[in-house]
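> could you work out the structure for the sequence below:
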Amino acid sequence: MNEPRELRFISFRVGAETFLADIMAVRQIVIYGGSTAVPSAPPFIEGIIAIRDEVIPIIDLRRRFFPKAEDAVDQALVLIVDSNAGAIGLKVDEVGRIVTARSDELLPPPDVVRDIRGEMLVAVIPRGDNLLLAIDVDAVLSEDEKRELQQTMNDER
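Have a look, this model is predicted:
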C-alpha cells in the first residue's frame, strides 16, 4: 500500500469561495494594475499584461466561475501560473495561505459538480467546517477555449 503524499496548495478567494491551486504551478503573484483589452476575446479574458518580456493573458476567475457576479474588489491579485496552455494569469480577489494536505484527505468532487465545469474541479478538501475546492490550472480553459485564446493572442501579434 502506498503511503499518503503531502501536497501543497496556494489558497485564494473568488467571491465568497475559497479555492486551491497546486503551489508548484504558481510562478508568481502580482498586484493587478489593469490590462490591455483584447478585441473579440471571451468575456472572462480580462486582457493581457507583459511581465519580463512575456505577454500573459489574464483570466478573470470571478467571471469564469460566476458569470453573473459583479466585480467587487478594489485591489485584485493575479496568480501567474504555468499551465499546458502556457503562462496564464488568474485574477483573484485575495490570496491566502499555503495549505498542506495528505493525498488521502482529498475527496473527489461529486459527479454533478464535476459535470458543470469538466475536469477543472479536481478535489474537495475538508478543513473544519469549510470545504476547499482544488482546481487544475490546466483545465481552467477547455481545449476549444485554449485554441480560441491562442488564435486571439496570435491576432494581437
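
> only C-alpha atoms from now on, for both contacts and neighbour counts.
Will do.

> helix or strand with the lowest mean pLDDT in this protein?
helix 111-116 (a mean of 62; mean pLDDT, DSSP states H and E).

> which outside residues touch the helix ranked longest in the chain?
As assigned by DSSP state H, the longest helix anywhere in the chain is helix 143-156. Residues outside helix 143-156 that contact it (Cα atoms under 8 Å, 6 or more residues apart in numbering): 38, 40-41, 85.

> ranges for the strands of the chain?
Using DSSP state E, the strands found in the chain span residues 6-14, 17-22, 26-31, 45-51, 54-60, 77-83, 86-92, 94-102, 121-127, 130-135.

> looking at those, which is buried most?
Mean neighbour count (mean count of other Cα atoms under 10 Å) peaks for strand 86-92 among those, with a mean of 23.

> hey, what's residue 87 bridged with?
residue 82 (DSSP bridges).

> one more: the one 5 residues further on?
Beta bridges link residue 92 to residue 77, judged by DSSP bridges.

> hmm, residue 63 and residue 69 touching each other?
Yes - between residue 69 and residue 63 there is a contact under Cα atoms under 8 Å: 6.7 Å.

> higher neighbour count, those two?
More crowded of residue 69 and residue 63, by other Cα atoms under 10 Å: residue 63, with 18 against 11.
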